[in-house]
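Asks: Starting from these lines, generate the structure:
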Amino acid sequence: MSNNRDPIRAKSRRPILKRSRRSRFLSRLEEARNFGRGADERGSLVIALSLLLIASIVLASVANQAFFSLGQATQSNQRNDALQGALAGVQAAVADIRAAVTGSGSSAVGDVANLPCSAIDGTVSSSTSSNTTISYKAQVTYLLQTSSGIAPAATCVQGQGPQPSSPNAAFSVHQAQIISVGGDNLSSSSVISRTENSTYNFSSPTNANIPGGLIYTYPDSAGQTFCAQVGPAYATGFALVMSSSCNASNPSPSLVFSYQQDYTLQTLINGQAYCIVDQGQNGSTTVTNPTDTTVYVAPCTSPAPLSQQWGVNDSDSVEGVNSSGGPNGWCLDNSISSASPAGYNPAGSGTYIGTNCGGGGYATDQTWTMQATVGAGGSNPVPGTIGPTDQLINYAEFGRCIDVTNQDVNFGALIDYTCKQFPNTSIYPIWNQRWCTVPLGSYGEPANAVLLYTPQYTSAGCPSNPLSPQSGVTPYCLTTATDAANNPADKPGGGYPIVYPSAGATAVTVQNCSTLISNLSSQGASALSGASTQIWINSGTTGGSIDNYTYQDYRGYCLQANNAYGVVYPSGFTGASFTMLQVAPCTGNLTQKWNAPPNYGASNIANTYEG
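Replies: Sure thing, here's the model as predicted:
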């Protein structure tokens, strides 16, 4: 039958059809899987190489940064080591300077010959590496002080020490300047090194604050001022003449004199001390030229004879000393006045001894003004207190003492004036430079609180009991002003200062305090009520670097010689500008130090810097 199908055949056909479709599907799937396979394999290699390259670059950069950081750290350590070495060199130099002594223990004294002159070198261990040593090399140069000023040492030989340019000249070592270089290997030109500069200030010798200065004459009729000078040599020494070349900023050594504690006026000639001498001691007014003068310059002798001793009287005359230590009536005269025996004959002419000393005022031929740097002479202070001369001496102006101007308690301003003096302190200075001290510790005030009064109208000095002034004496107390405007109501007699103090400072005067002095004995502490402007705190040597040797008022202001403001006195004497007294905030400035010793200030290291 034609329409009958074979079931077996029908069943066999279907699987064959399905298998064929599956094969095609699988073939297509395989083709899809294999499509582009060759291209992907080639791209993967490029990507892999790129990744390797990037990784290498990153690794190299990190390594380079690590090495750079390590190099920076090493260089920083080397610089720190070099600084450590340079500072070690400064310390080694200072140690050698301080070891320059003769003797030991309490008997050790400084010895210039033992000061280091050669380079100071050595090594120290590194603070950054236990296996590294640092080298240093320090060199010291010296500044010397002579009567001509401060100058570098001309030579410095190990075992001899620094020496001045003038052989055998008297000098003191003022300062050592240290330059120290440190580094790992200073012998290599490529070494990292650092340099430290430092200054060592020496403790001053006894006469350190007396470098010397000029001695001026009173102006002549033309207003010209001259100064004393070592003149031509002759058999007995050198003439003392007048010079018109008075350059105070850079004076010739022949113009420089110093006033010493033994009342001699000295100068250095070829390193030897020469003194101004009154040849006849009794004086002479016969002089026609320098070789005949009775005043000359000759080698100083010790102890100083009367012929080499000079006092300063109240008229600023340089006067001889008698056997009792008082003024002998014969003064150092010059020949720039028509009153001189040789007539008016200024520069180059000689000096002589004349009479009429201190004849009631200032005179062209007999009035002299010493620069403050000439020194305080016999007024040299007793440190921290008021000595036998009863004077207050300013450290910055070492030849100046507090002075009641013109002996006038109503003058309106006190000045720092040439210290008046003679060996006999019972008669000199006169009252306007004497200051009597009344301790107030037992009156409820601090232990170092004092009153300071000047005993007006007596030259007998301060009494043994300061609360009992001599008969006829009116005490005038040192008084601080009560405001900064210098109100005349604050001044005795309504006086004004000659010049006003600097900003923030007030003037100092004297006021009658006889009632206060009298009442202290009878009333005790209650007498001090309302007297605060006359109470001063004297720190002496116990006040530290700022307050040592100061006098402070009730506000804590310091008594000061204000050298920025000058009082020209006497009128017209342009060669003599004297500083005014004031109070101002305490700063430790030397103008605020009173009766400090000439060698005030210990040795120290200062001004250390890299360069």
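Asks: Output the host helix or strand of Val181 as PDB - backbone C-alpha positions only.
Replies: Element membership for Val181 (DSSP states H and E) is strand 172-183. Provided in PDB are the C-alpha atoms of strand 172-183 (Å, rounded to 0.1, in the frame of the first residue of the first chain):
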ATOM      1  CA  SER A 172      96.100  94.800  77.900                       C
ATOM      2  CA  VAL A 173      94.400  92.100  75.900                       C
ATOM      3  CA  HIS A 174      90.900  93.300  75.100                       C
ATOM      4  CA  GLN A 175      89.400  90.700  72.900                       C
ATOM      5  CA  ALA A 176      90.100  87.400  71.100                       C
ATOM      6  CA  GLN A 177      88.400  86.700  67.800                       C
ATOM      7  CA  ILE A 178      88.100  83.000  67.000                       C
ATOM      8  CA  ILE A 179      87.400  81.500  63.600                       C
ATOM      9  CA  SER A 180      86.900  77.700  63.700                       C
ATOM     10  CA  VAL A 181      86.300  75.300  60.700                       C
ATOM     11  CA  GLY A 182      84.800  71.800  61.200                       C
ATOM     12  CA  GLY A 183      84.400  68.900  58.800                       C
END
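Asks: Would you indicate which residues of that strand are buried?
Replies: Within strand 172-183, the residues scored as buried using 16 or more other Cβ atoms under 10 Å are Ser172, Val173, His174, Gln175, Ala176, Ile178, Ile179, Ser180, Val181, Gly182, Gly183. From N, CA and C alone the C-beta is placed, and that goes for glycine too.
Asks: what do you get for stretch 238-252?
Replies: Judged by neighbour count (16+ other Cβ under 10 Å), stretch 238-252 contains these buried residues: Phe238, Ala239, Leu240, Val241, Met242, Ser243, Cys246, Pro251.
Asks: Where is pLDDT lowest across these?
Replies: Scanning the buried residues of stretch 238-252 for pLDDT, the smallest score is found at Pro251, 77.
Asks: Torsion angles phi and psi at that residue?
Replies: Here is the backbone geometry of Pro251 (degrees, to the nearest 10): phi -80, psi 150.
Asks: Surely it and Tyr216 touch.
Replies: No. Judged on Cβ atoms under 8 Å, Pro251 makes no contact with Tyr216 at a distance of 11.6 Å.
Asks: ok, and the closest non-adjacent residue to Thr474?
Replies: Spatial nearest neighbour of Thr474, chain neighbours left out: Gln456 (4.6 Å); criterion: Cβ to Cβ, 6 or more residues apart in numbering.
Asks: Can you report how many residues neighbour that neighbour?
Replies: Neighbour count for Gln456, taken as other Cβ atoms under 10 Å: 20.
Asks: from what I can see Cys401 touches Cys419, true?
Replies: Yes. Using Cβ under 8 Å, Cys401 is in contact with Cys419, at 4.2 Å.
Asks: returning to that earlier point: which ones among the buried residues of stretch 238-252 lie within strands?
Replies: With strands taken from DSSP state E, the overlap with the buried residues of stretch 238-252 comprises Phe238, Ala239, Leu240, Val241, Met242, Ser243.
Asks: Could you let me know which of those residues ends up closest to Val318?
Replies: Leu240 (11.0 Å; Cβ to Cβ).
Asks: Tell me what the closest one is bridged to.
Replies: Val230 (DSSP bridges).
Asks: do the same with Asp278
Replies: Going by DSSP bridges, Asp278 forms beta bridges with Val295.
Asks: just Gln272 next, same as before
Replies: Ile269.
Asks: Near it, how many residues? Count them for me, please.
Replies: When neighbours are counted by other Cβ under 10 Å, Gln272 comes out with 13.
Asks: I figured it hits Pro299, correct?
Replies: Yes. Gln272 lies in contact with Pro299 (Cβ under 8 Å); the separation is 6.3 Å.
Asks: Can you check what pLDDT the model gives Thr385?
Replies: At Thr385, pLDDT is 68.
Asks: What of Ile120?
Replies: 91.
Asks: Show me what the longest strand along the chain is packed up against.
Replies: Taking DSSP E as the criterion, the chain has its longest strand at strand 133-146. Secondary-structure packing of strand 133-146 (3 or more Cβ pairs under 8 Å, 6 or more residues apart in numbering; DSSP states H and E): helix 37-98, strand 120-125, strand 149-152, strand 155-157, strand 172-183.
Asks: Try it again at 7 Å.
Replies: Packing partners of strand 133-146 (3 or more Cβ pairs under 7 Å, 6 or more residues apart in numbering; DSSP states H and E): helix 37-98, strand 120-125, strand 149-152, strand 172-183.
Asks: Check which residues of it are buried.
Replies: Of all the residues in strand 133-146, those buried under the rule 16+ other Cβ under 10 Å are Ile134, Ser135, Tyr136, Lys137, Ala138, Gln139, Val140, Tyr142, Leu143, Leu144, Gln145, Thr146.
Asks: who's in contact with the first one?
Replies: Right, the one you point to is Ile134. Applying Cβ atoms under 7 Å, 6 or more residues apart in numbering to Ile134 gives the contacts Asp81, Gln84, Gly85, Thr123, Val124, Ser126, Gly182, Gly183, Asp184.
Asks: The third one: what's it in contact with?
Replies: If I follow you right, that is Gly85. Contacts for Gly85 (Cβ under 7 Å, 6+ apart) come out as Val124, Ile134, Ser135, Tyr136, Gly182, Gly183.
Asks: go again using 6 Å as the cut-off
Replies: Residues near Gly85 by Cβ atoms under 6 Å, 6 or more residues apart in numbering: Ile134, Tyr136, Gly182.
Asks: ditto for the fifth one
Replies: Counting by Cβ under 6 Å, 6+ apart, Val124 touches Ala88, Ile134.
Asks: let's see 10 Å
Replies: Taking Cβ atoms under 10 Å, 6 or more residues apart in numbering, we find Val124 in contact with 81, 84-85, 87-89, 91-92, 133-136, 182.
Asks: Distance-wise, check it relative to Ala95.
Replies: Distance of Val124 to Ala95, given as Cβ to Cβ, to the nearest Å: 13 Å.
Asks: Also the third one?
Replies: Here the criterion is Cβ to Cβ. By it, Gly85 lies 15 Å from Ala95.
Asks: returning to what we had before: pLDDT-wise, what's the bottom of the contacts of Ile134?
Replies: Per-residue pLDDT puts Ser126 lowest of the contacts of Ile134, at 72.
Asks: which residues in the stretch 501-611 of the chain form helices?
Replies: Secondary structure of the stretch 501-611 of the chain by DSSP state H, counting those that start in this stretch: the helices cover 514-523, 544-547.
Asks: ranking those by burial, who's on top?
Replies: Each of these was scored by mean neighbour count; the highest is helix 514-523, a mean of 16, by mean count of other Cβ atoms under 10 Å.
Asks: thinking again about what came up before, partners of the longest strand of the chain, with directions?
Replies: Applying DSSP bridges, strand 133-146 is found paired with strand 120-125 (antiparallel), strand 149-152 (antiparallel), strand 172-183 (antiparallel).
Asks: Kindly check the end-to-end length of stretch 553-561 for me.
Replies: The straight-line separation of the ends of stretch 553-561 (Cα to Cα, to the nearest Å) is 15 Å.
Asks: now swap in stretch 142-158 and tell me
Replies: 13 Å.
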